[in-house]
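In: Take this sequence and fold it.
(chains A and B)
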There are 2 protein chains.
Amino acid sequence: MTATLPTEVTATQALVQPALRAAVGELRPPMRGIVSYHLGWTDEHGQARNGGGGKALRPALALLAAQAVRAGPEAALPGAVAVELVHNFSLLHDDVMDGDLERRHRPTVWRLFGTPAAILAGDALLTLAVDVLERAADPAATRCLTAAVQDLIAGQSQDVGFETRMDVGLDECLEMAAGKTAALMRCAAEVGALLGRASPVASGLLAEFGRCLGMAFQLVDDLLGIWGSPGVTGKPVLADLRVRKKSVPVVAALDSGTGPGAALRELYGRPDPPTEEELRTMAELIERSGALAWTRDRAQRYVVEARSCLDRLAPPEPIHAALSDLTRFVVERDR
Amino acid sequence: MTATLPTEVTATQALVQPALRAAVGELRPPMRGIVSYHLGWTDEHGQARNGGGGKALRPALALLAAQAVRAGPEAALPGAVAVELVHNFSLLHDDVMDGDLERRHRPTVWRLFGTPAAILAGDALLTLAVDVLERAADPAATRCLTAAVQDLIAGQSQDVGFETRMDVGLDECLEMAAGKTAALMRCAAEVGALLGRASPVASGLLAEFGRCLGMAFQLVDDLLGIWGSPGVTGKPVLADLRVRKKSVPVVAALDSGTGPGAALRELYGRPDPPTEEELRTMAELIERSGALAWTRDRAQRYVVEARSCLDRLAPPEPIHAALSDLTRFVVERDR
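Out: Now for the predicted structure:
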């Protein structure tokens, strides 16, 4: 399965990219250079390069949310930039905490510039995000952002804590995904709606749309972390099992009360690094426990919920189509 | 020399402490518990303990600034809490970056709870600071805070960069001190003034008062880092020389063009850890280069500048006395 981003989503990049570059341009050296490298705008020597920037789903969501309530996309631009800056703040700090060596096929910032540089660049992005949004003079939007950041921090904290625990429950695992991923997607849509002067009902529907999209996104991410194709995802085969991550399909299997679940628990609890053979067995056990199907089904249910929010909102047709395409992209993507 | 905090400063604690506890109480576990430990409210097992909290100069400065423009101290409370939260955000992250093992005679957070916990707790405090101030609905105050945070980050970034450089100039060293310390003291006074509805001229004078106080504070800190009494400061004797810190007196000596300065440069450039004998020689060389006297004199000049701001402002007499006492405390303190 290969899915491409809807054209309405990629079209938002034309607005977002210059605004994002202007915001990052306000940072002082060396943070500005480090962030430019992280965003893929420059190489490690500071030379401009093509590409980079990732999927930029969150800013697209913010702009489309404003358009969904019949405002111009420009109204949501400070929100779009702010959520993308917050997203990248969290990537910079998460890479330090998780000790990840690569991101988007390139060395991570802490590995290239050192841990202090990665911490400081993250701090600078978080502060810049608030600053950019503050200028939109919408206190509800700023509060929405700071609340999402606290959710994000709580989610990452849970994720780190899961590493050393074998008793993680499925509920807290979903709660972690809600904090780590869905909170900021929810915030992107809600901030876009707020800056687009949406009614409380409409912002509520868009916030819920963003949350469901975020949950589906994370569940699919968890599936790709096990069954994704290394050539496409840029991660090693069975990547999440290799580091014994407590992702949703893993916890659903461990928590399944099935024979394969018990066998997985035994394998996951071993002190030595798993062999390639054991990794393949783990993936099979998760599938046989029913956790693969459950996770896929759950992602699909979030998509149905997201679409139901859209139907109730009834945005202008091209925006409805774009947001609906976005839900399809999120579950059908392969990276 | 032993100096105590002016009673007006300690009196502000009665207002600040409950507000600070209420704000930290909004954090989620485990961040709430980690921050409570860091602030000295609990021990490593989460049990309440007496003391802690540090000097809390910055919140005192915010409340006194509001009173200086004839507002009630309560008006500045969100600003006082926000600057104290930002100060502690920076301590949590700096301890990770500098690898410091102790703060206020206790193990640092990263050492006790791990690096991810320290990074996340710092992130949560920075976000909380913005959130608390945002509720005061004074955009200029929020902008003042985010600008100070960017200064703080830039200052810490310079400080980290100095570690591996032998060509640090005195100007950039003072610029680093301005970012790392004076920016947030300046912000504390300015935010207090803004929340107290000061005129632009009065906030400008209070901001400059805070900046000069902050510069004097940092210069005295640098002197205590070399000549402070270990029993009082809680740091080893000649602490900053031991880690070959590029503090202002050191850089002033290296940059002095004198014989002792050249001898210090030779000693500071050696690859091996300095012996106790070499440490004492370094301190002597700094003194003989004239850099000790220069730094002391410079701190005194900042105090004179700060007092001149006060005189021009002409606040109510008890507040004038308290702020003036604060400048005396900053240069006369021994810890």
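
In: quick one: low-confidence parts of the stretch 151-300 of chain A?
Out: Along the stretch 151-300 of chain A, no part satisfies pLDDT under 70.

In: what does it put close to chain B?
Out: A:153-154, A:156-157, A:160-161 (CB under 8 Å from any CB of the partner chain). No exception for glycine: its C-beta is placed from N, CA and C like everyone else's.

In: ok, 6 Å please
Out: Applying CB under 6 Å from any CB of the partner chain, we find that the stretch 151-300 of chain A lies next to chain B at A:153-154, A:157, A:160.

In: Can I take it that residue A:70 is in a strand?
Out: No: with DSSP: H, G, I helix; E, B strand; the rest coil as the criterion, residue A:70 is coil rather than part of a strand.

In: for it, what are its contacts?
Out: The contact partners of residue A:70, by CB atoms under 6 Å, 6 or more residues apart in numbering or on different chains, come to none.

In: if you set the cut-off to 10 Å instead, what comes out?
Out: The contact partners of residue A:70, taken as CB atoms under 10 Å, 6 or more residues apart in numbering or on different chains, are A:196-198, A:202, A:315-316, A:319.

In: next one: residue A:67
Out: A:8, A:12, A:73, A:75-76, A:192, A:196, A:315-316, A:318-319, A:322-323.

In: Just the ones in strands from those, please.
Out: Using DSSP state E, no member of the contacts of residue A:67 falls in strands.

In: right, and out of the residues you listed, which lies closest to chain B?
Out: The shortest gap between chain B and any of the contacts of residue A:67 belongs to residue A:75, at 18.3 Å (CB to the nearest CB).

In: my guess is the closest one meets residue A:68, correct?
Out: No: between residue A:75 and residue A:68 there is no contact under CB atoms under 10 Å: 11.7 Å.

In: Between these two, which contacts overlap?
Out: Taking CB under 10 Å, 6+ apart as the criterion, residue A:75 and residue A:68 both touch A:192, A:196.

In: and residue A:35, how many neighbours?
Out: Residue A:35 is flanked by 25 other residues according to other CB atoms under 10 Å in any protein chain shown.

In: In contact with it, which residues?
Out: Residue A:35 neighbours (CB under 10 Å, 6+ apart): A:23-25, A:27, A:41-42, A:85, A:88-89, A:92, A:109, A:121-122, A:124-125, A:128.

In: next one: residue A:259
Out: Taking CB under 10 Å, 6+ apart as the test, what residue A:259 contacts is A:285, A:288-289.

In: when you check those against the helices, which ones overlap?
Out: If you go by DSSP state H, these have A:285, A:288-289 in helices.

In: quick one, which of residue A:75 and residue A:68 is more surrounded?
Out: Counted by other CB under 10 Å, residue A:75 and residue A:68 do not tie: residue A:68 has more neighbours, with 27 against 20.

In: gap between the residue nearest to that one when sequence neighbours are not counted and residue A:323?
Out: Counting by CB to CB, 6 or more residues apart in numbering or on different chains, residue A:68 lies nearest to residue A:315, which is 3.6 Å off, once chain neighbours are set aside. Residue A:315 sits 7 Å away from residue A:323, taking CB to CB, to the nearest Å as the criterion.

In: Surely residue A:50 is in a strand?
Out: No: the assignment for residue A:50 by three-state DSSP gives coil, which leaves it out of any strand.

In: Which pLDDT value goes with it?
Out: Looking at residue A:50, its pLDDT stands at 84.

In: what's it sitting at in phi/psi?
Out: phi -80, psi 160 (degrees, to the nearest 10).

In: In contact with it, which residues?
Out: A:40-41.

In: give me the residue from the stretch 101-250 of chain A nearest chain B.
Out: For the stretch 101-250 of chain A, CB to the nearest CB, closest residue to chain B: residue A:116, 3.9 Å.

In: Which residue is the nearest non-sequential neighbour of that residue?
Out: residue B:97 (3.9 Å).

In: List the buried residues of whichever helix or strand the one you found is part of.
Out: In this structure, residue B:97 sits in helix B:77-98 according to DSSP states H and E. For helix B:77-98, the neighbour count (16 or more other CB atoms under 10 Å in any protein chain shown) marks B:77-98 as buried.

In: Pretty sure residue A:93 sits against residue A:121.
Out: Yes: Residue A:93 is in contact with residue A:121 according to CB under 10 Å; the separation is 9.3 Å.

In: Overlap in contacts, those two.
Out: A:109-110.

In: List the contacts of the residue nearest to residue A:136 when sequence neighbours are not counted.
Out: For residue A:136, ignoring the flanking residues on the chain, the nearest one in space by CB to CB, 6+ apart is residue A:78 at 4.1 Å. For residue A:78, the contacting residues are A:19, A:23, A:62, A:129, A:131-138, A:141-142, A:191, A:195, by CB under 10 Å, 6+ apart.

In: Swap in 6 Å and give it another go.
Out: Contacts of residue A:78 (CB under 6 Å, 6+ apart): A:132-133, A:136.

In: now it: how far from residue A:142?
Out: 10 Å.

In: Same question for residue A:255.
Out: Counting by CB to CB - residue A:255 and residue A:142 are separated by 38 Å.

In: between the two, which one's more packed in?
Out: Between residue A:255 and residue A:142, counted using other CB under 10 Å, residue A:142 has the larger neighbour count: 26 against 18.

In: pretty sure the more buried one contacts residue A:132?
Out: No: using CB atoms under 6 Å, residue A:142 makes no contact with residue A:132, being 10.2 Å away.

In: Of the contacts of residue A:259, just say which sits nearest to residue B:224.
Out: Nearest to residue B:224, judged by CB to CB, of these is residue A:285 at 60.4 Å.

In: was I right about the closest one contacting residue A:263?
Out: Yes: using CB under 6 Å, residue A:285 makes contact with residue A:263 at a distance of 5.3 Å.

In: Show me which of these two is the more surrounded one.
Out: residue A:285 (25 against 17).

In: hang on, the earlier thing: how many neighbours does the residue nearest to residue A:68 have?
Out: Residue A:315 has 22 neighbours, counted by other CB under 10 Å.

In: Phi, psi for it please.
Out: phi -70, psi 170.

In: again, but for residue A:42
Out: Residue torsions, per degrees, to the nearest 10, at residue A:42 are phi -130, psi 160.

In: What score does it have for pLDDT?
Out: 96.
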